[in-house]
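Q: Task: produce atomic coordinates for the following.
(chains A and B)
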Number of protein chains: 2
Amino acid sequence: MLSEFDLIKQYFVRPRHPARATLGIGDDCALLTPTPGRQTAISSDMLVEGRHFFAGADPVQLGHKSLAVNLSDLAAMGARPVGFTLALALPAAERDWLAGFSQGLFALADAFDCELIGGDTTKGPLTICITVFGELAPGQALRRDAARAGDDIWISGTLGDARLALAGYRGEVELPAELLRAAAPRMHAPIPRVELGMLLAGQRLAHAAIDISDGLVGDLGHILERSGVGATLDVDALPAGPVLSTRPAALRRAYAAAGGDDYELCFTAPAGARAAILAAAASVATAVTRVGRIEPAAGLRLVDAAGAPLDLRLAGFDHFAG
Amino acid sequence: MLSEFDLIKQYFVRPRHPARATLGIGDDCALLTPTPGRQTAISSDMLVEGRHFFAGADPVQLGHKSLAVNLSDLAAMGARPVGFTLALALPAAERDWLAGFSQGLFALADAFDCELIGGDTTKGPLTICITVFGELAPGQALRRDAARAGDDIWISGTLGDARLALAGYRGEVELPAELLRAAAPRMHAPIPRVELGMLLAGQRLAHAAIDISDGLVGDLGHILERSGVGATLDVDALPAGPVLSTRPAALRRAYAAAGGDDYELCFTAPAGARAAILAAAASVATAVTRVGRIEPAAGLRLVDAAGAPLDLRLAGFDHFAG
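A: Residues are numbered from 1 along each chain as shown, chains lettered A, B, ... in the order given. Got it, this is the predicted structure:
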């Protein structure tokens, strides 16, 4: 029988990172020593079985994804990852599941030098809540309210393959098995754009940024609303994922513009920063694409490659809608 | 229809605390500006319906309790509350429930000047995950590994009424309705001992501390194990709650020594600090009681008022046992 304390010891306690966590797992609180003069960026995400991932999902991928979606929020602020807490409700303490989950979790944590510093475990419907901590210099955060008319709109990586994989699993679109296999990693194992975000903030290249979790149109809408601006988006310029690129134009447009689970960055930056942005992105081997322009007039205008208006029915994801 | 964003705006966004949260709810991350020279104490707790609270629990009390159990962890380190994140999985967005929950939550948050700075909402089985942040001076934290042989063992407040109320609801013990009503607030609305913890740490009165969430015997056991010491506990000296005090001695001993959900502090301190501890506790109107002694020999020895050994079968709560 694996007790709660055995579970934590065997799968989640690791040697302490001497530079950061003054006190890690095993006391009432963890103690972090903030770097003098830095701000702390904090984000929480909760993943629920059957809602954010399929029942029976591969635990290694789930461990990766649970942390990846949180690191993606740090990336969208331009913060350097420092540590995270993990609260885990489990129907039972199964060794195979715990071994896989902790493996996927720590592989990604180590890649970004982000330490597990505390948390909670309990019995319950499978639910994963991670709160992540990052640091950045005051005034450097890439905020949603900082877009300015005249800014370019940029997208990192590619969009829509995660949504295409989901549609394939659900049978919403017909997708040959080899294409589903090719698209699936974008759904199961997103790569948070941490290095790109840090460069955009650290070199003061971008004004505003957000990570695309609920679909570009909805998430860009948050930037527009909070910044008090509008935008024109060239839907045909959106960098569709390699698998989505093989699909018909209507699907390509819909999933690139409003598919969820991309975890790419959407950011706005002055035209004068174009060369520096391309150089920064190249230095971390991340593609970036210009897809539109911030404008003074409120609202989001979708156009095709020829500049003609597109009337797509798209909406961001809402957990309590429908 | 209440959307995810309406829900957050209506029930959880409040005016920003200008001194602390540089950026609150509504961006990818919250930004906190740590007080120069202070450490950050962090704790996460997850509450699951049917496990930590009854289905249909009063939402006002649930809002209070969800934050109280986290503030209690800050209290046990001696940290000053600063802020918290809330991740909430809800079966549906019900206005009455949200109004009650946020009312209970913010009443307690305001009492301790602790600001909601971010979070997440999603559909799912009712689950509440709060991560709380506090600050304290380096070296002042009340850790579990700092008890020393010769220390007194102290308890704040009273023990066992929360466990008694649970037993009453479950029909495990016969409890007249008026006594159940009197004991129930200890189960539904625990008071975190934040001011006491801050005084014990700030005046360097205590060595080690823990909050009693899984029962005193189990939680004191964590101090003993991590400090490499043992203890003798006078079970008849334990300050039983006013309702438990009316029950037979066997029940009084069992629930005071190993009942869960007390959220009182157990702390150890040198004998020379007795007068200062009583004065500090009186200054925040919190009773404290000496109940035993830390000793070099490993193990926890339970004795009665006459000093005779007691052989009680007690164990701390384990979410994955049984």
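Q: okay, CA-based contacts and neighbour counts for the rest of this
A: Noted.
Q: what's the longest helix seen in chain A packed up against?
A: Scanning chain A for the helix with the most residues, using DSSP state H, yields helix A:59-77. Here helix A:59-77 touches strand A:39-48, strand A:80-90, helix A:95-111, strand A:127-136, helix A:177-188, helix A:194-202, strand A:208-211, going by 3 or more CA pairs under 8 Å, 6 or more residues apart in numbering or on different chains; DSSP states H and E.
Q: Spatially, what comes nearest to the residue in the stretch 151-300 of chain A that chain B sits nearest to if we skip its sequence neighbours?
A: Going by CA to the nearest CA, chain B is nearest to residue A:210 of the stretch 151-300 of chain A, at 6.5 Å. Nearest non-adjacent residue to residue A:210, counting by CA to CA, 6 or more residues apart in numbering or on different chains: residue A:76, 5.0 Å away.
Q: Just confirm the one you found contacts residue A:142, I think it does.
A: Yes - contact between residue A:76 and residue A:142 holds when scored by CA atoms under 8 Å: they sit 6.6 Å apart.
Q: Quick check: neighbours shared by those two?
A: A:209, A:210 (CA atoms under 8 Å, 6 or more residues apart in numbering or on different chains).
Q: Can you give me the neighbour number for the residue of the stretch 151-300 of chain A closest to chain B?
A: 29 (other CA atoms under 10 Å in any protein chain shown).
Q: How about residue A:232?
A: 20.
Q: which SS class is it?
A: Put simply, residue A:232 is strand when judged by DSSP: H, G, I helix; E, B strand; the rest coil.
Q: Could I get the contacting residues of the nearest residue to it once chain neighbours are set aside?
A: Leaving aside its sequence neighbours, residue A:232 sits nearest to residue A:301 (CA to CA, 6+ apart; 4.6 Å). Residue A:301 makes contact with A:231, A:232, A:233, A:309, A:310 under the criterion CA under 8 Å, 6+ apart.
Q: May I see the PyMOL selection of the buried members of those residues?
A: Selection of buried members from the contacts of residue A:301 for PyMOL, criterion 16 or more other CA atoms under 10 Å in any protein chain shown:
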select buried, chain A and resi 231+232+233
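Q: what's the closest of the contacts of residue A:301 to residue A:184?
A: Nearest to residue A:184 among the contacts of residue A:301 is residue A:233, at 26.8 Å by CA to CA.
Q: Leaving out chain neighbours, which residue sits closest to that closest one?
A: residue A:292 (4.4 Å).
Q: what helix or strand is residue A:255 on?
A: Applying DSSP states H and E as the criterion places residue A:255 in helix A:249-258.
Q: quick one, that helix and strand A:230-234 angle?
A: In terms of direction (axes from the mean of the first three to the mean of the last three CA atoms, to 10 degrees), helix A:249-258 departs from strand A:230-234 by 140 degrees.
Q: Which strands or helices does helix A:249-258 pack on?
A: The elements that helix A:249-258 packs onto, with contact taken as 3+ CA pairs under 8 Å, 6+ apart, are helix A:161-170, helix A:216-227.
Q: didn't residue A:162 look like it was pressed against residue A:180?
A: No - in this structure, residue A:162 is not within contact of residue A:180 by CA under 8 Å, at 9.9 Å.
Q: between the two, who's got more neighbours?
A: It is residue A:162, of residue A:162 and residue A:180, that has more neighbours when counted by other CA under 10 Å, with 29 against 20.
Q: For that one, which non-adjacent residue is spatially closest?
A: residue A:187 (4.1 Å).
Q: Repeat that for residue A:204.
A: Counting by CA to CA, 6+ apart, the residue nearest residue A:204 is residue A:140, at 6.9 Å.
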